[in-house]
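A.B. asks: below: sequence and its predicted model.
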Amino acid sequence: MLPPERLKPFLTHEDKHVRDAVARHFGESYSRDPELLGLVMDACERYGDENNLGSLRYADQLVVPESSFVRVLQHLAQATDETVIGYFNSVLLDAPVELVIA
């Protein structure tokens, strides 16, 4: 297995199956790396939320830094797909309380 620093760039890979596998790896390992959710959100912006469902499925198991929290809120405000909305809501439910209060 590649070390985390070599795997992270694959969260924005053009092949969704690669993105999904790497997101699953980080999600299931409960990584505490604060950059991961930002990379998932980069992929959402690049390929669309609906084309990133596999990664979004594990996003609620990642650390939610303030910068990513804001991006999730922005995507949620524009989302129309119920699955996407559910995944974004799950991320927000797991966000630090201080971010939700602010």
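C.D. replies: That came through fine.

A.B. asks: all strands for the chain, in order.
C.D. replies: With DSSP state E as the criterion, the chain has no strands.

A.B. asks: contacts for the helix or strand bottoming out on mean pLDDT in it?
C.D. replies: One helix or strand of the chain scores below all others by mean pLDDT, DSSP states H and E: helix 97-101, with a mean of 88. Outside of helix 97-101, the residues within contact range by CB atoms under 8 Å, 6 or more residues apart in numbering are V64, E66, F69, L92. (Glycine included, C-beta is placed from N, CA and C.)

A.B. asks: nearest spatial neighbour of the third one, skipping sequence neighbours?
C.D. replies: Setting aside the residues directly before and after it, F69 is nearest to L99 in space (CB to CB, 6 or more residues apart in numbering), at 4.8 Å.

A.B. asks: quick revisit: among the contacts of helix 97-101, name the buried ones.
C.D. replies: Buried by 16 or more other CB atoms under 10 Å: V64, F69, L92, out of those.

A.B. asks: could you pull out the helices for this structure?
C.D. replies: 4-7, 16-28, 36-47, 53-56, 66-78, 82-93, 97-101 (DSSP state H).

A.B. asks: as PDB, could you dump the C-alpha coordinates of the third one?
C.D. replies: When you say that, I think you mean helix 36-47. Taking Å, rounded to 0.1, in the frame of the first residue of the first chain, the C-alpha atoms of helix 36-47 are listed here in PDB:
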ATOM      1  CA  LEU A  36      -8.600  15.100   2.700                       C
ATOM      2  CA  LEU A  37     -12.100  16.600   2.700                       C
ATOM      3  CA  GLY A  38     -10.800  19.600   0.700                       C
ATOM      4  CA  LEU A  39      -9.500  17.200  -2.000                       C
ATOM      5  CA  VAL A  40     -12.900  15.500  -2.100                       C
ATOM      6  CA  MET A  41     -14.500  18.900  -2.500                       C
ATOM      7  CA  ASP A  42     -11.900  19.700  -5.300                       C
ATOM      8  CA  ALA A  43     -13.100  16.600  -7.100                       C
ATOM      9  CA  CYS A  44     -16.700  17.600  -6.700                       C
ATOM     10  CA  GLU A  45     -15.900  21.000  -8.300                       C
ATOM     11  CA  ARG A  46     -14.000  19.400 -11.100                       C
ATOM     12  CA  TYR A  47     -16.300  16.500 -11.900                       C
END
